[in-house]
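[1] how would this look folded up:
(2 chains, ligands or ions: 6)
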Amino acid sequence: MTPVLEVDGLSVGFRSDDGEVLALDDVSLRVEPGEIVGVVGESGCGKSTLGLSIMGLLPGSASVRGGGVRLGGRDLLTLPPGELRRLRGSEVGMIFQEPMSSLNPVMPVGRQIGEVLRRHRDLGRTAAAARAVELLDLVGIPDAGRRSRAYPHQLSGGMRQRVMIAIAIACEPKLLIADEPTTALDVTVQAQILDLLRSLRDRVDLAIMLITHNLGVIATMADRVSIMYAGRKVEEGPTRDILDTPRHPYTARLLASTPQAARSAAVSAAAGGPGGSVEAGGRRLAEIPGRVPTMTAPATACTFQARCHRDVDLCTRVRPELEPAGGGLVACFHPEESW
Amino acid sequence: MVSQQSPGSPVLRAGGLVKDFQVGSVGRRSVLRAVDGVDLELAAGETFGLVGESGSGKSTLGKVLLRLQTPTAGTVEFEGRDISRAGGRELRAVHRRLRMVFQDPYSSLDPRMSIGDIVAEPLRLHRVARGRDLEARVTGLFDQCGLAAAWRHRYPHELSGGQRQRVGIARALSLRPSVLIADEPVSALDVSVQAGILNLLKDLQADLGFTCLFISHDLSVVEFMCDRIAVMYLGRIVEVAKASELFALPRHPYTQALLSADPPLHADAAATPRVVLSGDMPSALDPPPGCRFHTRCPVAEAVCRTEDPALVPRAADGHPVACHLVLADGSGPRL
Ligand SMILES: Nc1ncnc2c1ncn2[C@@H]1O[C@H](COP(=O)(O)OP(=O)(O)OP(=O)(O)O)[C@@H](O)[C@H]1O
Ligand SMILES: Nc1ncnc2c1ncn2[C@@H]1O[C@H](COP(=O)(O)OP(=O)(O)OP(=O)(O)O)[C@@H](O)[C@H]1O
Ligand code: SF4
Ligand code: SF4
Ligand SMILES: [Mg+2]
Ligand SMILES: [Mg+2]
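    Ligands and ions are numbered 1, 2, ... in the order given. Below you'll find the model as predicted:
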């Protein structure tokens, strides 16, 4: 089966006052049809840049330094602009964290969906309006016919995100890029939107690239997950493997720094196992000392080296490449293996 | 039975607290009740959590308790004195003892002041320290909050989000308050940065012994930080319990839905079925009659649409729940 998305060795830089910032450094990623792939990492590690590169929405200050993107087996870098736009319109849609800023505030939401359909699908006005109502219904907006005439500000945050999803899937793309789709929403509304995304995957075999820093969201949604750190992909594998037995020291420490990890440690201590102290007052979270470096050139050593507890001499001199480990890939000379 | 009553003597007590806002344009004014009859007691030295969805009134409750806003009705008592109508000098004295840390470490710090001046400002304004003494106090606060003394002349934009939040905490603690209200102090931070701030707050509280009202919509953070937790929905508290009890056996249907919507990290937890509520939280401008949650409650009955359930102890362990279906022995609906 052809993957819906193949990113191959992609590098992207941004011009800034202090020279170039390398937001993506030789990143590869594959998404199969109907698969939900999570992309996780701290603020600034390049997650949005990856999504925007695939959509062809990078700002003018960015430039692709190397590598390529294939959608449905076709290389985006060699297509003429017109065909490129058509391919993107039909193959991939994207939703963002803040739906309000991506919607037109002075146009009813039904018409906004209709415009997309008319542009990409040659539908007439009436047919587009009818299809817009169907789409609103599909994304779970009650009373879709009436709601299609509402303006964005008349809808709640959760409903606006549903409208964004309707727009993104209007042309039946095979891939949806969801960049922090629930970060601005309340937990009970977040649960509704995640449910909707999952049901779209099940019903129309939509593949989803789910960008988030919320590990809980990844745990319930993703089939596979890629962990990014400072513009590089450092680990990838089936979600359960990564969450239960992380191999890259960064992944391991990220997971250990969550309150959930502190709770599990306390529970296992109470049961006589290894781990933290039992009483809540004494519990502490595991911190990761130091800060994420800003990349200005392709890495020549491990980017996590300054913060790593396992650091070996090689790590300061050579850049680790992704190698098979367990059921996935890890870029580390000395991965965690005590599992 | 300690759970319905706070363990020590209350430092801060709210009774029937109400906060209304006038909204809309002239001629079409309406009243939005952001906090609707809240009773609350914070015991000395405890960390009390407030959770609930956006717009449920958490921040407003915090601001009214701190008397950054004046309550529309009801009382706030601080160390036994009614401060609900305090003004002028009395209010200034109150504001020395009750301090707040805000969510956004970017907008809550004055970009034109060095971080040393930001931390020193409350000490100056309240004329607590000056000259060399002031310098020493600021150095001490920097040290306690994990900020390098050499950074005193830096400006907020030169710091990371986590470092800025440390500055916000140092500023809030500079007057050695007896109550600290932390309103979503880590919501804008990355997980690994969040860990440092939460540890810092715990350490400082152990050292300085202040009482903390910790506001957050992140349940795992609240569980980690708090001794007791109140769950808010549309301006009301619907359940109050010790953290361990609330997570082990949530009784209010909304609490159950909220806990089940928080995505768990590990396999054992992922196996538990999730309750997905339909609909959105109703507008505070037009709250539903009866139980405010009945429009989304999966187990609502006829009585819920007309009768407003009171927040009273309904469980064997004494923890208060505002739901008609939770019986006196604590049994009730499980979603
Ligand atoms: N328009 C821009 N101009 C200059 N630099 C940029 C621009 N957009 C992003 N960057 C830089 O590129 C890097 C990657 O940014 P990106 O937005 O992809 O990160 P992210 O992982 O999505 O972070 P977040 O979790 O905060 O959304 C960062 O160092 C960022 O500062
Ligand atoms: N100054 C104000 N004027 C008018 N309405 C207000 C004002 N402050 C708050 N509100 C309203 O009061 C209600 C409670 O708001 P509040 O900010 O206390 O909620 P919250 O629980 O802190 O939400 P969040 O999680 O989004 O911070 C909301 O409906 C809000 O719109
Ligand atoms: S390569 Fe070395 S420094 Fe990098 S994560 Fe692995 S052990 Fe740590
Ligand atoms: S009182 Fe009724 S509507 Fe309200 S939470 Fe209980 S069962 Fe649900
Ligand atoms: Mg981003
Ligand atoms: Mg708030």
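[2] surely residue A:335 is within a helix?
    No - counting by DSSP: H, G, I helix; E, B strand; the rest coil, residue A:335 falls outside a helix, being coil.
[3] give me the spatial nearest neighbour of it, chain neighbours excluded.
    residue A:247 (4.1 Å; CB to CB, 6 or more residues apart in numbering or on different chains). No exception for glycine: its C-beta is placed from N, CA and C like everyone else's.
[4] next up, phi/psi of that neighbour, please.
    Dihedral angles of residue A:247 (phi, psi; degrees, to the nearest 10) stand at phi -110, psi -30.
[5] what's near enough to touch it?
    Contact partners of residue A:247, counting by CB atoms under 8 Å, 6 or more residues apart in numbering or on different chains, are A:235, A:325-326, A:328, A:330, A:332, A:335-337.
[6] can you check residue B:115 too?
    Applying CB under 8 Å, 6+ apart, the residues near residue B:115 are B:109, B:147, B:151-152, B:154-156, B:159, B:167.
[7] which pLDDT value goes with residue 166?
    Looking at chain A here, since you left the chain open. The per-residue pLDDT reported for residue A:166 equals 93.
[8] you looked at the wrong chain, it should be chain B
    Residue B:166 is given a pLDDT of 93.
[9] measure it to residue A:58 for me?
    Between residue B:166 and residue A:58 the computed distance is 34 Å (CB to CB, to the nearest Å).
[10] those two: which is more packed in?
    Between residue B:166 and residue A:58, counting by other CB atoms under 10 Å in any protein chain shown, residue B:166 is the more crowded of the two (25 against 16).
[11] near ligand 4, which residues of chain B? Just list them.
    Residues of chain B lying close to ligand 4 (CB under 6 Å from any ligand atom) are B:252-253, B:291, B:293-294, B:297, B:299-300, B:304, B:309, B:323-325.
[12] make it 8 Å
    Applying CB under 8 Å from any ligand atom, we find that chain B lies next to ligand 4 at B:238, B:252-254, B:290-294, B:297-301, B:303-305, B:309, B:322-326, B:332-333.
[13] want to throw the contacts of residue B:115 into CSV with secondary structure?
    CSV is the format used below for the contacts of residue B:115 (three-state DSSP):
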residue, secondary structure
B:109, coil
B:147, coil
B:151, helix
B:152, helix
B:154, coil
B:155, coil
B:156, helix
B:159, coil
B:167, helix
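[14] which of the residues of chain B next to ligand 4 fall within helices?
    B:253-254, B:303-305 (DSSP state H).
[15] give me the distance between residue A:8 and ligand 3.
    Counting by CB to the nearest ligand atom, to the nearest Å, the gap from residue A:8 to ligand 3 is 23 Å.
[16] where does that residue sit: helix, strand or coil?
    strand.
[17] list the contacts for the residue in the stretch 51-200 of chain A that ligand 4 sits nearest to?
    As assessed by CB to the nearest ligand atom, ligand 4 sits closest to residue A:188 within the stretch 51-200 of chain A, at 13.6 Å. Residue A:188 is in contact with B:53, B:257-258, B:261, B:276-277, counting by CB under 8 Å, 6+ apart.
[18] number of residues surrounding the spatially closest residue to residue B:190 that is not a sequence neighbour?
    Once flanking residues are discounted, residue B:190 sits nearest to residue A:42: 4.5 Å by CB to CB, 6+ apart. Residues lying near residue A:42 (other CB under 10 Å) number 20.
[19] again, but for residue A:131
    18.
[20] would you say it is within a strand?
    No - assessed with three-state DSSP, residue A:131 is helix; it does not lie in a strand.
[21] once you drop chain neighbours, what's closest to it?
    Counting by CB to CB, 6+ apart, the residue nearest residue A:131 is residue A:117, at 5.7 Å.
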